[in-house]
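Asker: Kindly return the folded structure for what I paste below:
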Amino acid sequence: MTDTTLARRTLVPRLLLAGIPVLAVIGVTLAPRQLVAPARSAFMDLAHMVSASLLASLTHVQVEGALNLILFVPLGATLALLLPRGLWPLTPVFVFVVSFAIENGQALIPGRVPDGQDILWNTVGGIVGAFVAGAIREVHRRVRRD
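Answerer: Next up is the predicted model:
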């Protein structure tokens, strides 16, 4: 079976899998704050329990930036895996566009506040995800070759 045939056979499952982080990002970033607040609060409580000493030294802005970064890692990885091998480095561009669109969409939702720093940290998270996916692809390619 050629690489092209395999890629075609796995496209639909990969697209369905890609929907998970996309829906998560859309839900967390575009849902009204009243709907997102309980889940965010539970996550922050869990994060505080797990890493209280680390979080104690961070400012609110730094914690928000880290959460934005973490939120976009799976999206960046998924997009990088969906793109053809030679195009996965374009993932940060796609993540930036998605993040930019989300922040502009938030301006239209009562209670949501768009922030340019979110675009930066979301894009950094997408880059991290893309590099993780790229590393996994490279290891997989080398293992298959041997």
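
Asker: Show the contacting residues for residue 13.
Answerer: Neighbouring residues of residue 13 by Cβ atoms under 8 Å, 6 or more residues apart in numbering: there are none. Where C-beta positions appear, they are placed from N, C-alpha and C, glycine not excepted.

Asker: Look at it and report its pLDDT.
Answerer: Note on residue 13: pLDDT of 75.

Asker: Spatially nearest residue to the residue sitting nearest the centre point of the chain (excluding sequence neighbours)?
Answerer: Closest residue to the average C-alpha location of the chain: residue 72 at 1.9 Å, with Cα atoms, centre = their mean. With sequence-adjacent residues excluded and distances taken as Cβ to Cβ, 6 or more residues apart in numbering, residue 72 is closest to residue 125, at 3.2 Å.

Asker: residues touching the residue nearest to the centre of the chain, list them.
Answerer: Contact partners of residue 72, counting by Cβ under 8 Å, 6+ apart, are 25, 95, 99, 121, 122, 123, 124, 125, 126, 129.

Asker: could you redo the last one with a cut-off of 6 Å?
Answerer: Contact analysis of residue 72 by Cβ atoms under 6 Å, 6 or more residues apart in numbering lists 122, 125, 126.

Asker: Among the residues you listed, which one has the most neighbours?
Answerer: residue 126 (29 neighbours; other Cβ atoms under 10 Å).

Asker: Please identify the helix or strand for that one.
Answerer: Taking DSSP states H and E as the definition, residue 126 sits inside helix 116-145.

Asker: Tell me the helices and strands packed up against that helix.
Answerer: helix 60-82, helix 91-106 (3 or more Cβ pairs under 6 Å, 6 or more residues apart in numbering; DSSP states H and E).

Asker: sorry, back to before: check the gap between the residue nearest to residue 72 and residue 22 for me.
Answerer: Separation of residue 125 from residue 22 (Cβ to Cβ, to the nearest Å): 14 Å.
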